[in-house]
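Undergrad: okay, predicted coordinates and the sequence, questions at the end:
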Amino acid sequence: QVQLVESGGGLVQAGDSLRLSCAASARTRSTYNMGWFRQAPGKEREFVAAITWRGDTTNYADSVKGRFTISRGNAQNTVSLQMNSLKPEDTAVYYCAAGDWGTTQYSYHYWGQGTQVTVSS
């Protein structure tokens, strides 16, 4: 059983930065690709960023490209999302996911419980 736990969400103002972290359980296979998704009220869950298990390839949604950076920790079972120049439209619950490579939620097998990010204007 894979468990993912996110942390780092909060309330910030537009233009501020936040760093989200996701820690996977010790039993998590270190070769899982990792991703971040987000879901705003009344909207579908959408892809934000992904990183391969080696950490050598990343992919970003156009809406966050240049502002967000995904990275893996040395232990391979941690992943972070550095979010800069935050906008009110970034407000959502952010979810960490582990699984195969892709930009849809169907590519990922395991999910965290989510962490709220709220950006005020």
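TA: Thanks, I have it. Numbers count the residues shown, from 1 in each chain.
Undergrad: quick one: residues contacting residue 63.
TA: Applying Cβ atoms under 8 Å, 6 or more residues apart in numbering, we find residue 63 in contact with residue 89. Every residue, glycine included, has its C-beta placed from N, CA and C.
Undergrad: next, work out how far apart it and residue 1 are.
TA: Separation of residue 63 from residue 1 (Cβ to Cβ, to the nearest Å): 33 Å.
Undergrad: next one: residue 57
TA: Applying Cβ to Cβ, the value for residue 57 to residue 1 is 27 Å.
Undergrad: element containing the residue nearest the centre of the chain, please.
TA: The chain has residue 36 as the residue nearest its centroid, 2.5 Å off, counting by Cα atoms, centre = their mean. Assigned by DSSP states H and E, residue 36 belongs to strand 33-39.
Undergrad: each with direction, which strands does the helix or strand following that strand pair with?
TA: Downstream of strand 33-39, the next assigned helix or strand under DSSP H and E is strand 46-51. Strands flanking strand 46-51 in the sheet, each with its direction: strand 33-39 (antiparallel), strand 58-60 (antiparallel) (DSSP bridges).
Undergrad: which other residues reach strand 46-51?
TA: Among residues not part of strand 46-51, those counted as contacts by Cβ under 8 Å, 6+ apart are 33-39, 57-61, 64, 68-72, 79, 81, 94, 101-105.
Undergrad: show the buried residues in those residues.
TA: Listed as buried from the contacts of strand 46-51 are 33-38, 59-61, 64, 68-70, 72, 79, 81, 94, 103, 105; burial here means 16 or more other Cβ atoms under 10 Å.
Undergrad: circling back to that earlier point, so what's the residue nearest to the centre of the chain closest to, chain neighbours aside?
TA: Setting aside the residues directly before and after it, residue 36 is nearest to residue 48 in space (Cβ to Cβ, 6 or more residues apart in numbering), at 4.3 Å.
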